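Enquirer: Here is my input; please provide its structure:
(one chain, ligands or ions: 3)
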Amino acid sequence: MTSKSPEEEHPSVTLFRQYLRIRTVQPKPDYGTNPALSSILLNSHTDVVPVFKEHWSHDPFEAFKDSEGYIYARGAQDMKCVSIQYLEAVRRLKVEGHRFPRTIHMTFVPDEEVGGHQGMELFVQRPEFHALRAGFALDEGIANPTDAFTVFYSERSPWWVRVTSTGRPGHGSLFIEDTAAEKLHKVVSSILAFREKEWQRLQSNPHLKEGAVTSVNLTKLEGGVAYNVVPATMSASFDFRVAPDVDFKAFEEQLQSWCQAAGEGVTLEFAQKWMHPQVTPTDDSNPWWAAFSRVCKDMNLSLEPEIMPAATDSRFIRAVGVPALGFSPLNRTPVLLHDHDERLHEAVFLRGVDIYTRLLPALASVPALPSES
Ligand SMILES: CSCC[C@H](NC=O)C(=O)O
Ligand SMILES: [Zn+2]
Ligand SMILES: [Zn+2]
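Expert: Ligands and ions are numbered 1, 2, ... in the order given. The predicted model follows:
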């Protein structure tokens, strides 16, 4: 399966490696966008996250392929593989002269890795997006190390929260009362206790997957000017990922009450606050799911439906009423998105092209929905 020399390389792999060489690295991505749109929307983002080159076995923008067939590059899994797999599957279907009742469109969008605010979030509000009349979308998923394929039907909502605590300043040698640090410590403790509770809930229930509970990490601590000066202000930043079944109003009240319980002058602000989680049904009431899962069954692919722990552009697509599944056809692959030595085996990549070549005709042939007739 693995080609030994450039002459023998499968043309789909060559195209994939060419795409990987384009440096679409934030914050100054060199985009090579190739947008197209349809009633089946195949979405992928072109930007990738930064690299720590010194931790890589190979140049992350060379798309080096080792003797076993592993292709090393930033974007090999997230998600330049999927972009080329879409294109290759569509190309195959066109070469074979297929025609389907539904149009297939592809979008290659920017800025997903920094929240999609200048990308898909804006695009779904544009008349150009609505003119596509997208009925269903595929977007990225995550690799699965086992034989199975993970498919995401919903996402946790990112809430990025900064808690700012103000208190009495003074000399570092004194027992000053009501300091910013003491009060911030209380809030941090409350939030980390909540984190522990959610972690235990996940650990103790084998049926729960990571995306089904709310996670939080303390990601930034700021404040202070000198060892011997008690600061008047300190802040802590948290990355919450709120599970889709959480009562958002009650959860926000909980955050506020942790701040109030810490004392006077403790406030919170949101840097991200997604409020519109949607669930795409994974039963036969959803004709898109029925078509998707039937093809997987026919191909003997086992599916593991889950809630996406992170945030992707699917949240914007679902929020405007378009059902979407997050699916990267990568099994038997270690999860290396955003990691050093992100890599993908060319055989897995090519198998993914086969999978889309089967999925797309089925999705593009879903009979008219009641709402469409
Ligand atoms: C909340 S906007 C940031 C989006 C980002 N997406 C992929 O990693 C994430 O951190 O999930
Ligand atoms: Zn991604
Ligand atoms: Zn990513």
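
Enquirer: Run through the residues that contact E177.
Expert: By C-beta atoms under 8 Å, 6 or more residues apart in numbering, E177 lies in contact with R168. C-beta coordinates here come from the backbone N, C-alpha and C atoms, glycine included.

Enquirer: Apply 10 Å and report the result again.
Expert: 167-168, 170 (C-beta atoms under 10 Å, 6 or more residues apart in numbering).

Enquirer: E155 now?
Expert: With contacts defined as C-beta under 10 Å, 6+ apart, the neighbours of E155 are 211, 241-244, 274, 277-279, 307-315, 318, 324, 326.

Enquirer: Of those, keep whichever come out buried.
Expert: 211, 241-244, 274, 277-278, 307-315, 318, 324, 326 (16 or more other C-beta atoms under 10 Å).

Enquirer: near ligand 1, from those residues?
Expert: 310-311 (C-beta under 6 Å from any ligand atom).

Enquirer: And the contacts of E177, which is closest to ligand 2?
Expert: G167 (40.7 Å; C-beta to the ion).

Enquirer: Quick check: the closest one vs F175, distance?
Expert: Distance, G167 to F175, using C-beta to C-beta, to the nearest Å: 13 Å.

Enquirer: Those two - which one has more neighbours?
Expert: Between G167 and F175, counted using other C-beta atoms under 10 Å, the more crowded position is G167 (23 against 6).

Enquirer: picking up where we left off before, from the contacts of E177, which ones fall inside strands?
Expert: Counting by DSSP state E, the contacts of E177 place G170 in strands.

Enquirer: and the closest residue to ligand 1 within the stretch 151-300 of the chain, what does it touch?
Expert: Of all residues in the stretch 151-300 of the chain, the one sitting closest to ligand 1 is P158 (3.4 Å; C-beta to the nearest ligand atom). Contacts of P158 were listed using C-beta under 10 Å, 6+ apart, and they are 115, 239-242, 270-274, 310-311, 315.

Enquirer: Specify the local secondary structure of it.
Expert: Secondary structure state of P158, per DSSP: H, G, I helix; E, B strand; the rest coil, is strand.

Enquirer: near ligand 2, which residues of this protein show up?
Expert: 78-79, 140 (C-beta under 5 Å from the ion).

Enquirer: So which of those residues is the closest to ligand 1?
Expert: Using C-beta to the nearest ligand atom, those come closest to ligand 1 at D78, 7.7 Å.
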